[in-house]
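**Student:** Turn this into a structure:
(chains A and B)
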Amino acid sequence: MPEIKTMTITPGRRMRNLLTNPKYLMVYATIGIFLLIYLFGALLYGGKGFTSVRTFMLFFSDNAYIGISAVGMTMVLITGGIDLSVAAVASLTGMIVAYGTTVLNAHPLVCIGAALLVGVGLGALMGACIQYLNVPPFITTLTGMFFARGVCSLISRESISIKHSLIDAMAGFKIYLTWPNAQGEWVKIKPVASIDLNIIAFILMIVLGAIILQKTRFGRNVYAIGGNEQSATLMGLPVARTKVLVYAFNGLCSVLAGISYMLYVKSGWNLSLQGAELDVISACVIGGVMLSGGVGYMIGTLFGVLLKATIPAIITFNGSMNSWWAKIFTSLLLLLFIIIQRAVIASSQRVKKKE
Amino acid sequence: MRKTMLSSAFIRSKLFWAIVAELLILLVGFILRPDFLSIQLRTLSDGTTVLFGTPVDIFNRASEITIIAMGMTLVIALGGTDISVGALVAVSGAIALKFLRWDVLVYTTPGDYTVKPYYLALLLPLMTCTLMGLFNGVLIGKLKLQPIIATLILMVGGRGIAQIVTNGKQFTTQYTPFKFIGNGSVLGIPVPILITLVVILAVVLFVRRTSFGMFVESVGINPNASRVSGLRSDTIIIIAYVLTGLLSGISGLIYSSRISSNDSNNAGLGYEMDAILAVVIGGTSMTGGKFSLLGTLVGSLIIRTITTLVLYFGVVSEAIMAFKALIIAVVIVLQSEPVRNAIAKQRSKRTALGGEARA
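**Tutor:** Residues are numbered from 1 along each chain as shown, chains lettered A, B, ... in the order given. Purely as a prediction, here's the structure:
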């Protein structure tokens, strides 16, 4: 067996690579702009409690469902695909659990199991359709979205509230943040801030997604497919299996996002989360994931979600502005980010040409 | 010989399967409700005669999507997508109603109810939507941004703009010239159908009588080769998005005229999806290249026919999406490359065998 020469990676070289590699630039841009906007909010509304731990925790818990869904979406986008069905599947999850527990008197865990089966099954089916029938992802998942939304309405057209001790316990689960006071006793911080299940699930999913993408063979395959699907096939990578699995995993994330949203509103409604798939996609894009595939990091997505959360927060703290301005500012932010992306790609191409 | 080759190519084309699907759906409707296909002339209380019947209704209600889908066909043939059209529909309605309302405030007495420069109420929304289309086109054509993301900006921002124009209010109008666009009829034919026909004719003439259509296909098939051979691909892309913007504006006027009101939250909701589906069902590939405007018309009619058929059975309107999804899934699977190739292979095998037997 021929000996393979490997380049020794010194900590210094790794550090330099981490700072200058253009593929990380987008993530730095996201984190930088998040810090800037947060600072802006802090300067204007710091006195009103914008900088409190409570507000910061609310960024996470109010957007957990977007974040959880964004984990799966990031992977789909890295393969060069797209999934428009996520919000409809999340809404369907809420409907299944609400209808199951309230109308059919089933145990919530059974309903959640059924929802998982439906979500992952639909995801795998769409993945198979994209891979084996060559139907574009946009069209396949659009059909999936119509289907899931339609089934939601077939189940019920009215909002069904969920009343079950387990769901109440899950929604009410809170770890209050405490700190020692002058007497050395641990007391709740003021204003009261807590970590709930949604925040835990959000963070866990981001960490899980990052580990899958960076540390597993599956993750490498995902990047390879996004970089160039033909090359990946020629290299003998399991392209078909990976793609189907990515859509199935995204289905899982959609169901978890649906459960997270359900804990948040404690009901199921057939029209809930309408248009949320675009919130998820734009959070990923703001986080530096490229729709052409091959580029994206979970940490970027995390900050993309947080960045999208700060804008409505600032507008709420302002108090005098219409909530519609949030839409306009979000779209301006999107514009800014895709122009930065464009500039980064252009500059990295120039560097390549010079070499 | 030549004839058989042509017909087999036609059978392999997506347009053929789209027409078959539409006829099948109509047939199902006819079997279930024999009056499904009947058209009759009826005289309204005000003395005008109007065509009545489900086919007319299908065509009439499909006009908003059909008009947008004409522009969308070019955009998709160029390898792009425009998901901002729904928001542009909302913007168009908001500006028109704001303008009508604004004038009503100037002429406060009910008897003096004339909107003075009425054409401005139509021109302003159309101009705004054209400009928004230009914005999309410049981002995609000049800055080479990804179409989905570039148009996502206006999809998110457009509804915000529509809300700010009307300050979040919903205006209604009873101004007859404006209501005429969506509810009137000329010689018994509903005005939206006439507008749709004019738009289709104009787009077909523009695309097929000039070299524009060929340029679009060329850029869609290979943008680099087209650029190298001297085509100004960015200008072509910009024209396609500007046209889609303008057509969304027209569609928005029809929609808001139909409901005599503006509804920034719900106007045009999901139109981008329906329009894209219409184009794809009609046989234009999402990867760009050759396109079929006639196919798009058929695609749009399929979507509306499914909706009408399902509504006939008293299914709640929100649940229509599930049926739509199922039927569209069948159409898309039938149209997908592997399946079409398999069917064509089967046929050629059979004809080959038949030829042998005869010989």
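**Student:** so where do the strands sit in the stretch 101-250 of chain B?
**Tutor:** Counting by DSSP state E, counting those that start in this stretch, the stretch 101-250 of chain B has strands at residues B:185-186, B:189-190.
**Student:** State the mean pLDDT of the first one.
**Tutor:** What that stands for is strand B:185-186. For strand B:185-186, mean pLDDT rounds to 84.
**Student:** circling back to that earlier point, chain A is nearest to which of the strands of the stretch 101-250 of chain B?
**Tutor:** Nearest to chain A, of all the strands of the stretch 101-250 of chain B, is strand B:189-190, at 27.3 Å by CB to the nearest CB. Every C-beta, even on glycine, is put in place using the N, C-alpha and C of the backbone.
**Student:** Show me what the closest one is packed up against.
**Tutor:** Applying 3 or more CB pairs under 8 Å, 6 or more residues apart in numbering or on different chains; DSSP states H and E, we find strand B:189-190 packed against strand B:49-53.
**Student:** So which elements touch the strand it packs on?
**Tutor:** Counting by 3+ CB pairs under 8 Å, 6+ apart, strand B:49-53 packs on strand B:39-43, strand B:189-190.
**Student:** List the buried residues for that strand?
**Tutor:** If you call a residue buried by 16 or more other CB atoms under 10 Å in any protein chain shown, then strand B:49-53 has these buried ones: B:50, B:51, B:53.
**Student:** Now do the contacts for the nearest residue to the first one once chain neighbours are set aside.
**Tutor:** Across the structure, with CB to CB, 6 or more residues apart in numbering or on different chains as the measure, the residue nearest residue B:50 apart from its sequence neighbours is residue B:185 (4.8 Å). When the contact criterion is CB atoms under 8 Å, 6 or more residues apart in numbering or on different chains, the partners of residue B:185 are B:48, B:50, B:51, B:191.
**Student:** hey, which of the helices and strands packed on strand B:49-53 is tucked in deepest?
**Tutor:** Compared across the helices and strands packed on strand B:49-53, strand B:189-190 shows the largest average neighbour count, a mean of 18 (mean count of other CB atoms under 10 Å in any protein chain shown).
**Student:** Direction included, what does it pair up with?
**Tutor:** Under the criterion DSSP bridges, strand B:189-190 sits next to strand B:185-186 (antiparallel) in its sheet.
**Student:** the helices in the stretch 1-150 of chain A, which residues?
**Tutor:** Ranges of helices within the stretch 1-150 of chain A are A:11-20, A:22-45, A:53-62, A:64-78, A:86-98, A:108-133, A:137-155, based on DSSP state H, counting those that start in this stretch.
**Student:** Adding mean pLDDT, distance to chain B and mean neighbour count, write those helices out as CSV.
**Tutor:** Compiled in CSV, the helices of the stretch 1-150 of chain A are given as follows (pLDDT from 0 to 100; distance: least, CB to the nearest CB, whole Å; neighbours: other CB atoms under 10 Å in any protein chain shown):
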stretch, mean pLDDT, distance to chain B, mean neighbour count
helix A:11-20, 74, 25, 10
helix A:22-45, 86, 13, 17
helix A:53-62, 86, 18, 18
helix A:64-78, 94, 10, 30
helix A:86-98, 93, 9, 30
helix A:108-133, 93, 4, 20
helix A:137-155, 88, 2, 24
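**Student:** Adding distance to residue A:224, write those out as CSV.
**Tutor:** Formatted as CSV, the helices of the stretch 1-150 of chain A follow (distance: least, CB to CB, whole Å):
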stretch, distance to residue A:224
helix A:11-20, 20
helix A:22-45, 14
helix A:53-62, 32
helix A:64-78, 10
helix A:86-98, 24
helix A:108-133, 15
helix A:137-155, 17
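**Student:** Among those helices, which comes closest to residue A:347?
**Tutor:** Residue A:347 lies closest, by CB to CB, to one member of those: helix A:22-45, at 6.8 Å.
**Student:** got a list of contacts for the closest one?
**Tutor:** For helix A:22-45, using CB under 8 Å, 6+ apart, the contacting residues are A:18, A:50-51, A:286-288, A:290, A:295, A:297, A:299-300, A:303-304, A:306-307, A:310-311, A:313-314, A:317-318, A:333, A:336-337, A:340-341, A:344, A:347-348, A:351.
**Student:** still on that earlier bit, could you dump the buried residues of strand B:49-53 to CSV with pLDDT?
**Tutor:** Listed next are those as CSV, based on pLDDT from 0 to 100:
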residue, pLDDT
B:50, 76
B:51, 76
B:53, 80
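**Student:** What is the nearest of those residues to chain A?
**Tutor:** residue B:53 (27.1 Å).
**Student:** and that closest one, what is it in contact with?
**Tutor:** Residue B:53 makes contact with B:37, B:38, B:39, B:40 under the criterion CB under 8 Å, 6+ apart.
**Student:** So for the first one, what's the nearest residue that isn't a sequence neighbour?
**Tutor:** Closest residue to residue B:37 in three dimensions, ignoring its sequence neighbours and counting by CB to CB, 6+ apart: residue B:30, at 5.2 Å.
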